[in-house]
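please work out how this folds:
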Amino acid sequence: MKKILNVLLLASLLLLTACGGGDKVATNENNQAAANANAAAEKAETKDAYYPVTIDTVDAQGNPVQETFEKEPERVVAVYQSAIENMLALGLEDKMVLAAQLDIDVKDEYKDAFSKVDYVKDAPSKEAVLAAKPDFIISWSSYFGDKTLGDVKDWQDKGVNTYILKNSGAVKVDSLENEYDDILNLGKIFNKQKEAGAIVQSMKDRLAETEKLREGKEPVKAAILEIEDDNLFRNYGAKTVGGEIAEKAGAKLVMDEDRFGSEALLTKDPDVIFVVYFGEDKVKDQELERFKSLPALKGLSAIKNDRVRLSSLSEVFSEGVRTADGIDTMIKGLYPES
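Residues are numbered from 1 along each chain as shown. From the prediction side, this is the model:
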């Protein structure tokens, strides 16, 4: 009897297999769909478990402010170069509902992503920002005023988080660490710590490469300056991000004053001079030619030896992800053989 039952059971299974091929495919598809749904649910649960997260920032006057994010921001207003490019570097273009006020075009690697963002040339008014219905605003300190973005406290009262980039005037002393912090904090806000950490680490690694380049050599005497007049230059010294990058790369900054004239520059006679320019690339050649053609500077070693280099302002001041470009500019200028 048992043998007969086994034969009947086997026959039934063979019949189901023969007739149910389509059902098997459907079952497999359903199983895959269920697995995908479970994976998506687990991802959402992980994201939900990450929040809330609290970030230390400041208001426009430099007063400390804590911002708590209950969830990932979905409607971001980003104003000014480094705010926009930091967002793009972390792949957050889909989060920006409004971007404004670029000095120069975004970096080439971000252009495709940026083309999807609603961009306006001028800084938006408070009314325009309100119309965008943001849940997060990131910008420079100078934009959080009555005539532009408005006060941080007012946005907090509306349930809108803000973040002011540190080297934009938000803190007293500019530093390379502040640039790192801005990128890392943005990573924390959007649960993109891995990506943000990789960006910062690549900058640190690039600077660390200079240890071999300067091994057994005297520090390169350098000056970083901006032309204010034919006989007046603004100094980017050790307390600026550009100056700190140069020093960490092994340079000896020879100019001490905030501003100085041709005579002081000739007296210190740096080996390398970085001329800072502002605006699009077409400006840089004009600034280089202007500096090299100043009659009072003919005796400079840097001019005689063709060691005058250019640096965009966005590489040496509140530069965000362009800090990497500033590091490269300094290293190539200090060590042309690299």
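
mind listing what's buried in stretch 244-262?
Neighbour counts over stretch 244-262 (16 or more other C-beta atoms under 10 Å) mark 244, 245, 246, 247, 249, 250, 251, 253, 254, 255, 260, 262 as buried. For the C-beta atoms, the positions are set from N, CA and C on the backbone; glycine is no exception.

the domain parsing of this structure - what is it?
With domains defined by automatic domain parsing, the chain comprises 53-206, 209-334.

quick one: low-confidence parts of the stretch 201-338 of the chain?
The stretch 201-338 of the chain contains residues with pLDDT under 70 at 282.

hey, where'd the helices end up in it?
Ranges of helices in the stretch 201-338 of the chain, per DSSP state H, counting those that start in this stretch, are 210-213, 241-248, 262-268, 281-292, 301-304, 313-316, 323-334.

what are the boundaries of the strands in the chain?
With DSSP state E, the ranges of strands along the chain come out as 53-58, 64-69, 76-79, 96-100, 119-120, 136-139, 161-164, 220-229, 232-235, 251-253, 259-260, 272-277, 308-312.

and the angle from the last one to strand 272-277?
Computed with axes from the mean of the first three to the mean of the last three C-alpha atoms, to 10 degrees, the direction of strand 308-312 lies at 40 degrees from that of strand 272-277.

alpha carbons of strand 308-312, as CSV, please.
Presented in CSV, the C-alpha positions along strand 308-312 are these (Å, rounded to 0.1, in the frame of the first residue of the first chain):
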residue,chain,number,x,y,z
VAL,A,308,55.0,82.9,-10.9
ARG,A,309,51.9,80.7,-10.7
LEU,A,310,48.2,81.5,-10.7
SER,A,311,45.6,80.4,-8.2
SER,A,312,41.9,81.0,-8.4
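
can you name every helix or strand that that strand contacts?
strand 272-277, helix 281-292, helix 323-334 (3 or more C-beta pairs under 8 Å, 6 or more residues apart in numbering; DSSP states H and E).

quick check: which ranges of the stretch 1-150 of the chain have low pLDDT?
For the stretch 1-150 of the chain, counting by pLDDT under 70, the residues that fall below are 1-48.

where along it do the helices fall?
2-19, 21-50, 81-89, 111-114, 126-131.

report the separation between the closest residue to residue 168 other than its chain neighbours and residue 78.
Excluding its sequence neighbours, the residue lying closest to residue 168 (C-beta to C-beta, 6 or more residues apart in numbering) is residue 140, at 3.5 Å. Residue 140 sits 11 Å away from residue 78, going by C-beta to C-beta, to the nearest Å.

who's more crowded, these two?
Ranked by neighbour count (other C-beta atoms under 10 Å), residue 140 and residue 78 place residue 78 first, with 29 against 23.

okay, now residue 211: neighbour count?
10.

meant to ask about residue 92, not that
Residues near residue 92, counting by other C-beta under 10 Å, number 21.

with residue 192 instead?
20.

try the one 5 residues further on
In terms of burial, residue 197 registers 14 neighbours under the definition other C-beta under 10 Å.

show me the contact partners of stretch 107-118.
84-85, 88-89, 91, 93-94, 96-99, 105-106, 321-322 (C-beta atoms under 8 Å, 6 or more residues apart in numbering).

just the buried residues of those.
84, 85, 88, 89, 93, 96, 97, 98, 99, 106, 321, 322.

list just the nearest of those to residue 278.
Using C-beta to C-beta, residue 322 comes nearest to residue 278 of those, at 13.3 Å.

the closest one reaches residue 314, doesn't it?
Yes: between residue 322 and residue 314 a contact is recorded at 5.0 Å, counting by C-beta atoms under 8 Å.

so what sits against both of these two?
81, 82.

that older thread, what's the most distant pair in the buried ones among the contacts of stretch 107-118?
97 and 322 (23.6 Å).

let's see the pLDDT reported for residue 169.
On pLDDT, residue 169 comes in at 89.

from what I see, it and residue 144 are in contact.
No: counting by C-beta under 8 Å, residue 169 stays clear of residue 144, with 10.3 Å between them.
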